[in-house]
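S.K.: This is the structure alone, sequence omitted:
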Ligand code: KET
């Protein structure tokens, strides 16, 4: 008998609860003829004990997510003057997540008309999918007319990225996905989670706060054929540094020449220049005839974070391939979560297709974008007055919700601990969390840690 000791209580617990539960495994491991053997019981107990007590002993602790965990820490911070610039959420000037009037009006109509709640198809609601295609490409785009574009409704654009990543892994199993250096932290997690190899291409220039465009082109011109290139269509996360239209045009032939597969992430449509202009890369690529993927989101543009409204679109070479691609996307959805939820997508479809609500929404997006711009300007004014030797003009040139402040992780920690100002340890600040009451305090805190 091995050295295995067990208390009377545990022994009884195991006999009563574990034996019946594991009877199949028990019969296989200890054949009936050995039941008369005394030592059987001594062998069986540690085995049962292991099944019961140490089943998940190899499960390691989760270190947490750099964005979501910081946002949770903010929620628990008891200080009343704390400032949340961590997560990519647009807050209004009262530090509230807005319920956009256009979306609210759409919701009242949708709820008034709502009937039974059947399952949606695997690919989502038809009216949502068509509305998304028109938003991305313009209603009259030749690629839509040719039937070579497929769109599925997904659980946020995160869901779109994940379904797209699984699709890539299945049909280009040995390919590499190239992401910008740096990128949204979750890109790497999603793509590695699908079994893909993730590498980076040069992007952000820490010296100038701008783009290393030549280095980016050079790296991509050497990439392996059929590598996937993740590109932020607008409002780059975390840097706020975007390609100009001319740079997108210069990038296109490199992608074509190397037969690379672009995967556009369009999570901030409307926060850059305008709803249409922010889709410039999507439309340019579709015009060119190349095949590519787009994951887009309504979390930020319609302030519908918790409704999880997004889509995955794949532009294919022709209509016949599009049919098969759509079929495989549906199969992927079926084996993951079966079909998307209904409510949020119907709000989005209503806002996009009702002319009055659409006009309201477009004006609301302009107001959100303008307010962020105003905060950028205020931050710049205070900081440049306080730190005359330091160039903080990047706050004015970077676009969208984020700016890369260049603060070190230790300076970010100090901001949080001493001043209650939460920005990511990478130095990313969500400018959309600033308002007329906290912008000055933020600038003062930044000046203090930078001095
Ligand atoms: N892409 C990018 C570039 C992105 O910043 C986000 C969210 C998403 C996709 C996912 O959005 P969804 O709600 O799934 O459609 N970013 C913010 C929130 C987060 O990390 O989940 C952020 O960076 O703070």
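M.R.: Received the coordinates, thanks. Only a predicted model underlies this, so the values are computations on that prediction, with no experimental measurement involved.

S.K.: ok, and for the one helix or strand residue 254 maps to, which residues are buried?
M.R.: If you go by DSSP states H and E, residue 254 is part of helix 245-257. Neighbour-count burial for helix 245-257, counted by 16 or more other CB atoms under 10 Å, picks out 248, 251-252, 254-255. (Each C-beta comes from the backbone N, C-alpha and C, glycine too.)

S.K.: Which other helices and strands does it contact?
M.R.: On a contact count with 3 or more CB pairs under 8 Å, 6 or more residues apart in numbering; DSSP states H and E, helix 245-257 meets helix 213-220, helix 280-288.

S.K.: if you compare those, which one is most tucked away?
M.R.: Comparing these by mean neighbour count (mean count of other CB atoms under 10 Å), helix 280-288 comes out on top with a mean of 20.

S.K.: burial count for the residue of the stretch 351-451 of the chain found nearest the ligand?
M.R.: Here the residue of the stretch 351-451 of the chain nearest the ligand is residue 430; by CB to the nearest ligand atom that distance is 6.8 Å. Number of residues near residue 430 (other CB atoms under 10 Å) recorded here: 26.

S.K.: Would you mind measuring from the residue nearest in space to the middle of the chain to residue 311?
M.R.: Nearest to the mean C-alpha position of the chain, counting by CA atoms, centre = their mean, stands residue 158 at 4.2 Å. Distance of residue 158 to residue 311, given as CB to CB, to the nearest Å: 12 Å.

S.K.: Against which helices or strands is the longest helix along the chain packed?
M.R.: The residue-count maximum for a helix in the chain (DSSP state H) belongs to helix 355-386. For helix 355-386, the contact count by 3+ CB pairs under 8 Å, 6+ apart identifies helix 101-113, helix 343-353, helix 394-397, helix 439-450 as packing neighbours.

S.K.: So which of these is nearest residue 381?
M.R.: Closest to residue 381 of these is helix 439-450 (CB to CB; 8.3 Å).

S.K.: what's the angle from that closest one to helix 355-386?
M.R.: Interaxial angle of helix 439-450 relative to helix 355-386 (axes from the mean of the first three to the mean of the last three CA atoms, to 10 degrees): 40 degrees.

S.K.: and the residue of the stretch 101-250 of the chain found nearest the ligand, how many neighbours does it have?
M.R.: Closest to the ligand within the stretch 101-250 of the chain is residue 156: 2.8 Å, counting by CB to the nearest ligand atom. Residue 156: 23 surrounding residues under other CB under 10 Å.

S.K.: correct me, but it touches residue 308?
M.R.: Yes - Residue 156 is within contact range of residue 308, at 4.3 Å (criterion: CB atoms under 8 Å).

S.K.: Give me the common contacts of those two.
M.R.: residue 299 (CB atoms under 8 Å, 6 or more residues apart in numbering).

S.K.: List the residues that contact the residue of the stretch 101-250 of the chain closest to the ligand.
M.R.: By CB under 8 Å, 6+ apart, the residues touching residue 156 are 297, 299, 308-310.

S.K.: one step back: please report phi then psi for the residue nearest to the centre of the chain.
M.R.: The phi and psi values for residue 158, taken as degrees, to the nearest 10, are phi -60, psi -40.

S.K.: Tell me the pLDDT of the residue of the stretch 1-150 of the chain found nearest the ligand.
M.R.: Closest residue of the stretch 1-150 of the chain to the ligand, CB to the nearest ligand atom: residue 88 (3.0 Å). The model reports residue 88 with a pLDDT of 96.

S.K.: now it, nearest residue through space, not along the chain?
M.R.: Taking CB to CB, 6 or more residues apart in numbering, and ignoring the residues beside it in sequence, residue 88 has residue 401 as its nearest neighbour in space, at 5.2 Å.
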